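J.: Fold the following for me, if possible:
(one chain, ligands or ions: 1)
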Amino acid sequence: MKTISILGASGYAGGEILRILINHPGVKIKQVTSRQFAGQSVSLVHPNLRKLTDLIFIHPDQLESCDVLFVALPNGASMDLMTGLSKKAKKIIDLGADFRLHKSHVFESWYKKKHTSPDLLNKFVYGIAELHRKEIAKSSFIACAGCEATVSILALYPLVKHHLIEPNIIIDAKMSSSQAGIKPTFSSHHPERAGSVRSYMPTGHRHTAEIIQELSPFIKNISVAISATALDMVRGLLVTIHTVPKKNITEKDVWKAYRSEYEDEQFIRIVKELQGIYRYPEPKLLQGTNFCDIGFEMDTKTNRLVVIAAIDNLVKGTAGQAVQALNIILGIPEKTGLEFPGLHPI
Ligand SMILES: NC(=O)c1ccc[n+]([C@@H]2O[C@H](COP(=O)([O-])OP(=O)(O)OC[C@H]3O[C@@H](n4cnc5c(N)ncnc54)[C@H](OP(=O)(O)O)[C@@H]3O)[C@@H](O)[C@H]2O)c1
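T.: Predicted coordinates for the structure are as follows:
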C-alpha cells in the first residue's frame, strides 16, 4: 500500500482529496497539514468526515517522506517550497497554479509575480488525464489544471483537434463561492455574497493562459476571451462557450468529434437530450462527482456552435482530477475512489 500526505489539508481542495481517499483501496493517508489547526482533529474542519477518520493535522514543518504528496496550497505558495518538497516524495501532485504553465514569462504576465522556481517548470506535466494520460504515468511532477481551464479545455479539445471551429472563442463562466477557497474575504462575507450575480472577471481571467497552452498545438492563432460571473452557489462551474464553426460543419461532425475523443472516457458525458428538464449540463447534478458533462447546439441563423459544459470545481476541477492522476501513477483503474454517481434530487 502506497502512502500519501496532503499539504494544505484544511482547505477546500485538500478536504476533498481527504474525502475521496479516505476509503481508497490503493493508498494509506499518512499525514495531513494545517498551520492553524495543527494538533486538532481533521473532522473539526471537515465535519463530513466525522467517525470516518481519526487523523490529526500536523504542522507543515513535521512533514515526513511519503510515496505521493498532494500540494493543495493557495496559488503562489508552492513554487517557493517545491525544491524542498521534492525531497519528501517520489511523486508530487500540485493542485495550484504555480507549475501549470510551461513558461515562466507566461506565468509572470498573468499572475503578476516572479516565478521563483522556473527551472522546475519543465518537469511538470499538465494534469488533465484525458489529454496527458501517458505523460502523467511517467512523470514525478503533476500540475493539476485550474477549474475553469479544466471544463473549458475538455469542452473544446475535440473541436480544435478535429478542426471544426475558428480560433476566436468566447467563454462565459458561471462560478461558485468555493472556488475562492476557505479563507473569508469582504467579498465572500454572507451579506455581500448571498443572492448575488456578480460580474467577477469580465476580462483577463488567468485560466486563459492554460487554455491557450493546451489547445494551441491543435489550432493556429487561437484567441480565448473569458468572462466570469460569480453566482450564489457553493459548488459547481458552468461554461457556455461561443464558437464559430468552420464552413459546412454540421451537428453530425460535432457528435463524431466528441465520440471519437471521449467514447471511452469514463468521466466525460455528452449531454444533449431532446426532452425533459435536464437537456444540457447542469453543475447541480454533478456535486461530489468527477464527471464533466458537455452539451452543444448549433445555431445556423447566427453561425455559432454553442458548447455548454459543467463540473464540480472541487472534484473534476481539482481534487478528483488529482486522484485520477494518482490512480494513473499507481497503475490501477482510473475510476478508483471516484465512482460516486451524484445525487438527485439535490
Ligand atoms: N477551490 C477550488 O475550487 C479550486 C479549484 C481548482 C484548483 N484549486 C487550487 O487548489 C489550491 C488550493 O485551493 P483551496 O481552494 O483549497 O484553498 P484554501 O481553501 O484556501 O486552502 C489552502 C490551504 O493551504 C494552507 N496554507 C496556506 N498557505 C500555506 C503555506 N504557506 N504553507 C503551508 N500551508 C499553507 C491553508 O491552511 P493553514 O493556513 O491552516 O496552513 C489551507 O489548508 C489552489 O492553489 C487553487 O488554485 C482550487
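J.: show me the residues around the closest residue to the ligand within the stretch 1-150 of the chain that make contact.
T.: As assessed by Cβ to the nearest ligand atom, the ligand sits closest to residue 11 within the stretch 1-150 of the chain, at 1.9 Å. (Each C-beta comes from the backbone N, C-alpha and C, glycine too.) Contacts for residue 11 (Cβ atoms under 8 Å, 6 or more residues apart in numbering) come out as 72, 73, 74, 181, 182.
J.: State the pair within those residues that is farthest apart.
T.: 73 and 182 (11.8 Å; Cβ to Cβ).
J.: quick one: which of these two has more around it?
T.: More neighbours surround residue 73 than the other of residue 73 and residue 182, with 22 against 16 (other Cβ atoms under 10 Å).
J.: The more buried one - nearest residue in space that isn't next to it in sequence?
T.: The shortest distance from residue 73 to any non-neighbouring residue, by Cβ to Cβ, 6 or more residues apart in numbering, is to residue 8 (4.4 Å).
J.: Same check on residue 35?
T.: Setting aside the residues directly before and after it, residue 35 is nearest to residue 59 in space (Cβ to Cβ, 6+ apart), at 6.0 Å.
J.: quick check, residue 31 in a helix?
T.: No: checked against DSSP: H, G, I helix; E, B strand; the rest coil, residue 31 lies outside a helix; its state is strand.
J.: wait, it sits on residue 66?
T.: Yes: counting by Cβ atoms under 8 Å, residue 66 is a contact partner of residue 31 at 7.0 Å.
J.: follow-up on the earlier one: which residues are in contact with the residue nearest to residue 73?
T.: 14, 33, 34, 71, 72, 73, 74, 77.
J.: still on that earlier bit, from the contacts of residue 11, which single one is nearest residue 45?
T.: Proximity of these to residue 45 (Cβ to Cβ) peaks at residue 182, which lies at 8.1 Å.
J.: quick one, what contacts residue 239?
T.: Contact analysis of residue 239 by Cβ under 8 Å, 6+ apart lists 148, 151, 152, 155, 171, 172, 173, 174, 307, 308, 309, 310.
J.: show me what contacts the last one?
T.: Residues touching residue 310, when contacts are defined by Cβ under 8 Å, 6+ apart, comprise 151, 236, 237, 238, 239, 281, 282, 283, 285, 286, 292, 293.
J.: so where's the stretch 51-200 of the chain uncertain?
T.: Along the stretch 51-200 of the chain, segments meeting pLDDT under 70 are nowhere present.
J.: and it, which residues reach the ligand?
T.: Residues of the stretch 51-200 of the chain found near the ligand (Cβ under 6 Å from any ligand atom) are 60, 72-75, 77, 95-97, 146-147, 178-179, 181-183.
J.: In helices, which of those fall?
T.: Among these, DSSP state H puts residue 147 in helices.
J.: Can you tell me which of the residues of the stretch 51-200 of the chain next to the ligand is nearest residue 163?
T.: For those, the nearest to residue 163 is residue 146 (25.7 Å; Cβ to Cβ).
J.: what's the distance between that closest one and residue 127?
T.: Per Cβ to Cβ, to the nearest Å, residue 146 is found 10 Å from residue 127.
J.: Ok, residue 299 next?
T.: 33 Å.
J.: Mind checking which of these two has more residues around it?
T.: Higher neighbour count among residue 299 and residue 127: residue 127, with 27 against 11, using other Cβ under 10 Å.
J.: which one is the more buried one nearest to, not counting chain neighbours?
T.: Nearest non-adjacent residue to residue 127, counting by Cβ to Cβ, 6+ apart: residue 144, 3.9 Å away.
J.: same thing with residue 200?
T.: residue 230 (4.3 Å).
J.: Residue 298 in helix, strand or coil?
T.: strand.
J.: for residue 199, same thing?
T.: strand.
J.: Check the gap between the residue of the stretch 101-250 of the chain found nearest the ligand and residue 41 for me.
T.: Nearest residue of the stretch 101-250 of the chain to the ligand: residue 181, at 2.9 Å (Cβ to the nearest ligand atom). Residue 181 sits 21 Å away from residue 41, going by Cβ to Cβ.
J.: repeat for residue 297
T.: Note on residue 297: its distance to residue 41, by Cβ to Cβ, is 49 Å.
J.: Surely residue 66 touches residue 30?
T.: Yes: using Cβ under 8 Å, residue 66 is in contact with residue 30, at 4.9 Å.
J.: Between these two, which contacts overlap?
T.: In contact with both residue 66 and residue 30: 3, 4, 5, using Cβ under 8 Å, 6+ apart.
J.: Setting aside sequence neighbours, what's the nearest residue to residue 222?
T.: Residue 222 sits nearest to residue 167 (Cβ to Cβ, 6+ apart), 4.6 Å away.
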